[in-house]
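*Asks:* next come a sequence and a model predicted from it.
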Amino acid sequence: MNDTEVAAAGAGAGADVVRAMYGRQLTRIDKGAGDFATAADVAAEEAILDVIRTARPDDAVLGEEGGQQGSADAARRWLVDPLCGTLNYAAGNMLVGVNVALRDGPAAVADPFSGEVFITDGESARLRHEGVDAPLVPTSATRLVDVNLDPPFPGAPGFRGVDLLAHPEFVARFRPRVVSTSLAVAWVAAGRRAAYVTDGGDLSGSVHFAAGIALCRAAGCVVTGIDGAPVGQGGRGLVAAADAETHDLLMSMIHGRGQ
């Protein structure tokens, strides 16, 4: 398998586990600051690691649950979030995703319940469903914008997501959605969302966001930090928009609120 198919196979293996364990009473593993994992997170990550270890035994892996495996200085590092949306999952909500990304390379985001896998080889992006691939085509036509409102809020008081939602131009042009999962970023690439906005630091190496960022870039979206700088080159947080007009509008609102 090439790296793209390794990412897709890994995400698919994790999604199979997540789907199979859905609805069970799962013990919560406390991670501090209100965060937790479940047995499904751990089992899904192990299924993904089995795929990567078999196909790329010399590569390093950074997993949401297992941490760093292999050399921290390895040229090739896989970023794995086996269950993005654990709180949703534990509450019986199916809005979750499985992320697998090779740092600065191919990536995949799987939806365990729709059976969809969003895939990029780093140059193009496509949706795989029931064995059929179709290109991802971003569009702002939905006017739906996902805004991450989860704490912490490192950009406050200069930037707060709640302020963006109350901005008069935002209210006039968009309709807000709040979905704190990797699916929201993949949906921008797929044309199901006009944009996604979150505060934060450098998300280029994040197990939560790397795959979605790769998908958006390959699909032709406009991707920067909330400060306008490129993600991975000083950009902080994330503004992923279907087109330049949508991105410019959101940036003007963000900076207007921060002044």
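*Replies:* In hand now; what should we look at? Residues are numbered from 1 along each chain as shown.

*Asks:* just the pLDDT for the closest residue to Gly237 other than its chain neighbours.
*Replies:* Leaving aside its chain neighbours, Gly237 sits nearest to Ile226 (4.0 Å; criterion: CB to CB, 6 or more residues apart in numbering). In this view, the C-beta of every residue, glycine as well, is placed from N, C-alpha and C. The confidence metric pLDDT takes the value 95 at Ile226.

*Asks:* also Asp150?
*Replies:* So, for Asp150, pLDDT stands at 83.

*Asks:* can you tell me the SS state at Ser252?
*Replies:* helix (DSSP: H, G, I helix; E, B strand; the rest coil).

*Asks:* what's the answer for the one 4 residues further on, then?
*Replies:* Here Gly256 is helix, with the state taken from three-state DSSP.

*Asks:* what about it, neighbour count?
*Replies:* 12 (other CB atoms under 10 Å).

*Asks:* give the contact list for it.
*Replies:* Gly256 makes contact with His167 under the criterion CB atoms under 8 Å, 6 or more residues apart in numbering.

*Asks:* for it, give its distance to Pro168.
*Replies:* Taking CB to CB, to the nearest Å as the criterion, Gly256 is separated from Pro168 by 10 Å.

*Asks:* with Gly122 instead?
*Replies:* Gly122 is 39 Å from Pro168, by CB to CB.

*Asks:* and these two? which has more neighbours close in?
*Replies:* Shown here are Gly122 and Pro168; by other CB under 10 Å, Gly122 has more neighbours (16 against 8).

*Asks:* Ala214 is in contact with that one, correct?
*Replies:* Yes: Gly122 is in contact with Ala214 according to CB atoms under 8 Å; the separation is 6.6 Å.

*Asks:* lovely, talk soon.
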